[in-house]
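Asks: no sequence for this one, just the structure:
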């Protein structure tokens, strides 16, 4: 009699040498002997024990494959941010194997690849898609023996605009900073649909100037509304990063220059410079076809009385806008906070819509503030030539820059009003706050416009329409690299007849997941007094977001992160101990990127759905596999469960040994053993990992 110890791992072999040149996998391997052994004639073989490491086949049903990704303020971590009312974001529904309506069977590696793909496809905030190697990846974890131990989730955000970064240069005329922009096309009129849909009726020009160093908006007609954006029609304009990204406009030719020549430098005229989410979805009736948030309250403003220029200028959609009404600079944003709403609306229907709201940047008339009153654009005593928008995390900052390059803050975020040192704090009112850069404002695009319609000739003087222009001079663009599928193109079927990949905001609206057209307005309507006490920012030294845009995976329904009622993958991800909410990550900064990492807190419960058999390949014993109608060299069946575990490290020891004849009429000289693990159809059990051990007992046949 003899015991034969077999293993695919030489470190666990005893008296045997495993050869990597031969079959050497956990499910099929050969052990070669250093010395030939003799097996007596008429011998038998039986399996006495076996150890395997089983990953298991993962079966995912159509009703059990949803989780949610969330980028925003982590909730429930302190007394300030407890519910979604204190968040600037919403969970995003993600579905594994969305193209299959049947049960999907895969392996841990296959599931990890699918998780990576789905997160990439559903979570492409511009700051999280700037590396060519991919924003997100899910990797299979294994212990020192190679056994399945769960998953590692990695999500990376970028800190710099890798591609499309403007190249700075100095304009010889006024010394202000200019920049090269990669994308230049534009073609949407702000107000009139007929002009927007017919290029021949667009009475303005949007051109490259100075060999491509700027984008310039210039009127071609004295009586035209010229409002334009750079993100529609044929524009391939990447969004501005909110990792300290900057967008600048040159307004020298739409505001009077102090001390200039009358008739030449007295060019004060109504204009808009701002930032807007790129959205081209059909709007609610009767305003179908206009671009902007579908829940925006359309129609002109009711401000400054009948015939107000702002009644026309605020017809279109824009998230943040600095507006010259012909006399003063005004600051607006669109939300549903009440406060300084331009058009309060009548009835419940109007009150559910987002609308224009004027932001008071005068700090309640504080004489110590940079602007204790609305700035006079007719005199322009400070000789402002540029408007600059800076984005960091959830905050936006708006500055004015004069000819000498001196920067004056028009508005920046603060809980309290501007004050002198030693004065008591006074909390700003809603009318004094801009909204945060919430999920709808993740990918901001520049908007600029000039208003000529019925402008009195006395103010125009001797100027031609082409004497007025606004230049988009600087734009920190996101790389939007990801896995190579982030072709950020804003062609819309409303304008081009072709639908392609659009902005993230537009993607969510059109996918209508969890009825996003209904969910998105809830973000803008949230009670601002419940929003984070301080809007989150971006830390340039650590290369990460602070108190905002933190990644969270929700794999079970959560009472904090809603709506997440369809989440069902907590056991499969190994997050059961976390109650399905993964919002505590380990973060590291390297090379301008910040990588978040979290591991499964328990071994996921994968199920082995097939029976496993042991096969001895190079001997003459036979069995009958009636399932496939053939003879077989299978010597034993491993029960599906060992009484404790379904997957992982499994041990088998039959209570009753079943011996099979080796059919050797003479003595055998043996120098190798070939072992394989197979399913009932004799295919390899490739869900085995790590080390497989087999102990055989060979004896002479009893009489």
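Replies: Alright, I've got the coordinates. Computed from a predicted structure; not experimentally measured.

Asks: And the strands in the stretch 601-703 of the chain?
Replies: Along the stretch 601-703 of the chain, the segments classed as strands by DSSP state E, counting those that start in this stretch run 612-616, 623-625, 630-632, 634-638, 648-652, 660-661, 668-678, 693-700.

Asks: What pLDDT is listed against residue 383?
Replies: Here the pLDDT value assigned to residue 383 is 95.

Asks: Would you agree it is in contact with residue 403?
Replies: Yes. Using C-beta atoms under 8 Å, residue 383 is in contact with residue 403, at 4.9 Å. C-beta here means a position set from N, CA and C on the backbone, and glycine is covered the same way.

Asks: More neighbours: which of the two?
Replies: Taking neighbours as other C-beta atoms under 10 Å, residue 383 and residue 403 compare with residue 383 leading, 19 against 16.

Asks: distance of residue 323 from residue 409?
Replies: 18 Å (C-beta to C-beta, to the nearest Å).

Asks: let me fix that: residue 84
Replies: 32 Å.

Asks: Looking at these two, which one has more neighbours?
Replies: Ranked by neighbour count (other C-beta under 10 Å), residue 84 and residue 409 place residue 84 first, with 23 against 16.

Asks: Leaving out chain neighbours, which residue sits closest to the more buried one?
Replies: Of all residues not flanking residue 84 in the chain, residue 562 sits nearest, at 5.6 Å (C-beta to C-beta, 6 or more residues apart in numbering).

Asks: So that neighbour lies in a helix, does it not?
Replies: No. Under DSSP: H, G, I helix; E, B strand; the rest coil, residue 562 falls outside any helix and is assigned coil.

Asks: In this structure it contacts residue 87, no?
Replies: No. Applying C-beta under 8 Å as the test, residue 562 and residue 87 come out as separate, 10.0 Å apart.

Asks: who's in contact with the closest residue to residue 505 other than its chain neighbours?
Replies: Among residues not flanking residue 505 along the chain, residue 277 sits closest, at 5.0 Å (C-beta to C-beta, 6+ apart). The contact partners of residue 277, taken as C-beta atoms under 8 Å, 6 or more residues apart in numbering, are 293, 319, 440, 441, 442, 443, 444, 445, 503, 505.

Asks: so what pLDDT did residue 277 get?
Replies: Note on residue 277: pLDDT of 82.

Asks: start the count at 381, not 1, going forward
Replies: Renumbered: residue one is now 381, and that last one reads residue 657.

Asks: what about the helices in the stretch 831-980 of the chain?
Replies: All helices of the stretch 831-980 of the chain, identified by DSSP state H, counting those that start in this stretch, fall at 837-840, 884-891, 896-905, 950-953.

Asks: and the second one, what does it pack onto?
Replies: Translated: helix 884-891. On a contact count with 3 or more C-beta pairs under 8 Å, 6 or more residues apart in numbering; DSSP states H and E, helix 884-891 meets helix 896-905.

Asks: just to revisit the earlier point, rank the contacts of residue 657 by pLDDT and give me only the lowest.
Replies: On pLDDT alone, residue 883 ranks lowest of these, at 69.

Asks: What strands flank the helix or strand encompassing residue 474, and is each parallel or antiparallel?
Replies: Taking DSSP states H and E as the criterion, residue 474 maps to strand 472-475. Using DSSP bridges, strand 472-475 pairs in its sheet with strand 446-452 (antiparallel).

Asks: Now tell me what touches the strand it pairs with from outside.
Replies: Applying C-beta under 8 Å, 6+ apart, the set of residues contacting strand 446-452 from outside is 467-476, 499, 502-503, 505, 508, 819, 928-935, 941, 944, 946-949, 953.

Asks: Now do the phi/psi pair for the closest residue to residue 1072 other than its chain neighbours.
Replies: Once flanking residues are discounted, residue 1072 sits nearest to residue 406: 4.6 Å by C-beta to C-beta, 6+ apart. Dihedral pair for residue 406: phi -60, psi -30, per degrees, to the nearest 10.

Asks: OK, contacts around residue 430?
Replies: Going by C-beta under 8 Å, 6+ apart, residue 430 touches 994, 1016, 1018, 1031, 1032, 1033, 1072, 1073, 1074, 1075.

Asks: Quick one, which of these are buried?
Replies: Buried by 16 or more other C-beta atoms under 10 Å: 994, 1016, 1018, 1032, 1072, 1073, 1074, 1075, out of the contacts of residue 430.

Asks: Give me the nearest residue to residue 919, chain neighbours excluded.
Replies: Take residue 919 and drop its neighbours on the chain: the residue closest to it by C-beta to C-beta, 6+ apart is residue 926, 5.2 Å away.

Asks: right, I mislabeled it, should have said residue 444
Replies: Among residues not flanking residue 444 along the chain, residue 948 sits closest, at 4.8 Å (C-beta to C-beta, 6+ apart).

Asks: sorry, back to before: pretty sure the residue nearest to residue 1072 sits against residue 1073.
Replies: No. Look at residue 406 against residue 1073 with C-beta under 8 Å: they stay out of range, at 10.2 Å.

Asks: Mutual contacts of those two, please.
Replies: Counting by C-beta under 8 Å, 6+ apart, the common neighbours of residue 406 and residue 1073 are residue 432.

Asks: Burial check on the residue nearest to residue 1072, number of neighbours?
Replies: Residue 406 has 23 neighbours, counted by other C-beta under 10 Å.

Asks: how far away is the residue nearest to residue 464 from residue 484?
Replies: Going from residue 942 to residue 484 by C-beta to C-beta gives 27 Å.

Asks: Could you look up the SS state of residue 507?
Replies: Put simply, residue 507 is helix when judged by three-state DSSP.

Asks: I'd say it and residue 536 touch.
Replies: No. With contact defined as C-beta under 8 Å, residue 507 does not reach residue 536; the gap is 9.9 Å.

Asks: Which of the two has more residues huddled nearby?
Replies: Ranked by neighbour count (other C-beta under 10 Å), residue 507 and residue 536 place residue 507 first, with 30 against 21.

Asks: dump the residue contacts of that one.
Replies: Residue 507 neighbours (C-beta under 8 Å, 6+ apart): 537, 538, 539, 621, 622, 623, 858, 925, 929.

Asks: Pick the one among those residues closest to residue 812.
Replies: Residue 812 lies nearest to residue 622 out of those, by C-beta to C-beta, at 22.0 Å.

Asks: who's more crowded, residue 942 and residue 467?
Replies: Neighbour tally, residue 942 and residue 467, criterion other C-beta under 10 Å: the higher count belongs to residue 467, 26 against 18.
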